[in-house]
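J.: next one to model:
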Amino acid sequence: MTIRNPKGRLVSFLADTAKVFVRETRPTLYDPFTPVFSLAQPLVFLALLGPLVAATPTVPGENPWQWFVPGIIVMIALFGTSMTGSNLQFEMTTGSHERMMVSPLSRPAIMVGKSLKEIAPLVAQAVIVILVMLPFGFELYPLGAIIGLAILAVLGVGLGALSYSLAIASRDKEWLFWGVQQTLLFPLLILSGMMLPLEQGPDWMRAIAAFNPLTYIVEAERSLFAGDFVWSVLWPGIVSAAAVAAVGLVVGIAAIRREAS
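T.: Modelled structure (predicted):
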């Protein structure tokens, strides 16, 4: 029996992850308009809800767009990555997922590679939103924006893995996938203060928001996109994103291993 050292296993895992990432990303390269068209909903929020937020006196800061735009970017990450399981359901229907599962690729690498695939569209969409909002008074702080997008990339890996896990659990039941996804999506969005400030909300709502990891991620993103590197605000957001990624990957890897067994 051949015993592979940890370094060899790591190299093999990284190679398999890269293969899956390239495979999953290739369709996006051939169809770059899909990520662009998926920006329709965030842009509608910016156009219709943005002016209302800007006129709200309770919005913190002198520039309401510095408060609102980071929330929209987090929303893009939340919406985009939570829907990725639908792609896996389509692959299950066509049989391409089964072909991948019988390949010699590492099962954890399959889940990690699929989850990493969501990072590129997320960054591209965030850049477009930032460029669109610059003429309207949004100020760009490049270093803060880069760190903020890195945190969202970590969050996206975790959310993508959870979405794939849900797709595996709801195999052949597309209605179940979308029912669970939508049921969880909007409470997480509202109870994070992503769109509207929670400071004036009832006590019970603010108490629930304290247990929502997105609350801390949104606060960290707003601080970073404003160019404020306040560690007491940043570390809860970083820890929350890392925790979501860790939980998502553990659940996702367990789900894909159970499916393969």
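J.: any idea which element the residue nearest to the spatial centre of the chain lies in?
T.: Compute the mean C-alpha point of the chain, and by CA atoms, centre = their mean the closest residue is residue 156, 2.8 Å away. Using DSSP states H and E, residue 156 sits in helix 142-169.
J.: and that helix, what's buried?
T.: By neighbour count on 16 or more other CB atoms under 10 Å, the buried set for helix 142-169 is 144-145, 147-149, 151-169. All C-beta atoms are positioned from the backbone trio N, CA, C, and that covers glycine.
J.: following the chain onward from that helix, which element is next?
T.: From helix 142-169, the next helix or strand downstream (DSSP H and E) is helix 174-190.
J.: output the contacting helices and strands for whichever helix or strand comes after that following helix.
T.: Next along the chain after helix 174-190, taking DSSP H and E as the criterion, comes helix 203-209. Helices and strands touching helix 203-209, as assessed by 3 or more CB pairs under 8 Å, 6 or more residues apart in numbering; DSSP states H and E, are absent.
J.: neighbouring contacts of helix 203-209?
T.: Identification of contacts with helix 203-209 by CB atoms under 8 Å, 6 or more residues apart in numbering yields 191-193, 198-199, 201, 215.
J.: and the helices in this protein?
T.: For the chain, the helices defined by DSSP state H cover 6-30, 33-37, 40-44, 50-54, 64-82, 85-94, 96-101, 107-116, 119-133, 142-169, 174-190, 203-209, 213-225, 231-260.
J.: worst average pLDDT in the ones you listed?
T.: Mean pLDDT per stretch puts helix 33-37 lowest among the helices of the chain, at a mean of 62.
J.: residues in contact with residue 243?
T.: So residue 243 contacts 158, 213 (CB under 8 Å, 6+ apart).
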